[in-house]
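Chemist: The sequence and its predicted three-dimensional model are supplied below.
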Amino acid sequence: MISLVAGICLVGPSPGGVWSAAQAATTERVVVNRFSGVAIEGFDPLAYFIDGKPAQGSAEFEASQAGAVWRFQNEGNRASFLAHPEVYGPQFGGYDPTDVARGIAVAGNPRFFAISAQRLYLFSLEANRDAFAANPGRFLDEARKRWPALQDGLSQ
């Protein structure tokens, strides 16, 4: 089952910081804001599963994991994430799986997402999310093959 929510790509100030095309190019294994180190613009990764949409986390409920700072809405979400980051964290480190399938690492925008097979995927473009939704297996098979080599080229 795939869950889709239309998002809006903002260029300019946003509650979790600034997202722009310039920040989309990254060399980190997990996509983070290059100034703050915060992953997925400070959105709570569990909110995608619980609320079905992105929701801002709080600096009050932060955790460091995989070289990134993650924010949560409450202590329960934080604890669940720390117990199972492989389940709740965005797959491919937050990179767009359609681009990973093509052999390139492009940061996903946390406003464009899908949940497929109980895993979170972020997309750089709404069109990529829609293409993924039409045939997730096609993209995931190729992305899983290419991800190890791409990951090796990213910083630790």
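Modeler: Sure thing, it's come through. Nothing here was measured: the structure is a model prediction, and the numbers come from that model.
Chemist: Please make it C-alpha for all contacts and neighbour counts, starting now.
Modeler: Fine.
Chemist: Export the lengthiest helix in the chain to PDB, keeping only CA atoms.
Modeler: Assignment by DSSP state H gives helix 136-152 as the longest helix of the chain. The C-alpha coordinates for helix 136-152 follow below in PDB (Å, rounded to 0.1, in the frame of the first residue of the first chain):
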ATOM      1  CA  PRO A 136       7.400   1.200  -6.500                       C
ATOM      2  CA  GLY A 137       8.900  -2.200  -7.100                       C
ATOM      3  CA  ARG A 138      10.500  -1.100 -10.300                       C
ATOM      4  CA  PHE A 139      12.300   1.800  -8.600                       C
ATOM      5  CA  LEU A 140      13.100   0.000  -5.400                       C
ATOM      6  CA  ASP A 141      14.700  -3.000  -7.100                       C
ATOM      7  CA  GLU A 142      17.100  -0.700  -9.100                       C
ATOM      8  CA  ALA A 143      17.700   1.700  -6.100                       C
ATOM      9  CA  ARG A 144      18.600  -1.200  -3.800                       C
ATOM     10  CA  LYS A 145      21.200  -2.400  -6.400                       C
ATOM     11  CA  ARG A 146      22.700   1.100  -6.800                       C
ATOM     12  CA  TRP A 147      22.600   2.300  -3.200                       C
ATOM     13  CA  PRO A 148      25.700   0.500  -1.900                       C
ATOM     14  CA  ALA A 149      27.900   2.100  -4.500                       C
ATOM     15  CA  LEU A 150      26.300   5.500  -4.100                       C
ATOM     16  CA  GLN A 151      26.600   5.300  -0.300                       C
ATOM     17  CA  ASP A 152      30.300   4.500  -0.600                       C
END
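Chemist: What's the mean pLDDT across that helix?
Modeler: Averaging pLDDT along helix 136-152 yields 96.
Chemist: which non-adjacent residue is nearest Met128?
Modeler: Quick fix: residue 128 reads Asn, not Met. Thr98 (6.3 Å; C-alpha to C-alpha, 6 or more residues apart in numbering).
Chemist: Neighbours of that neighbour, how many?
Modeler: Neighbourhood size, Thr98 [other C-alpha atoms under 10 Å]: 27.
Chemist: if I've got this straight, it is in a strand?
Modeler: No - per DSSP: H, G, I helix; E, B strand; the rest coil, Thr98 lies outside any strand segment and is helix.
Chemist: what's the next secondary structure element after the one helix or strand Glu62 maps to?
Modeler: Using DSSP states H and E, Glu62 maps to strand 58-65. Remark: after strand 58-65, the chain's next helix or strand is strand 68-72, criterion DSSP H and E.
Chemist: Sweet, I'm off.
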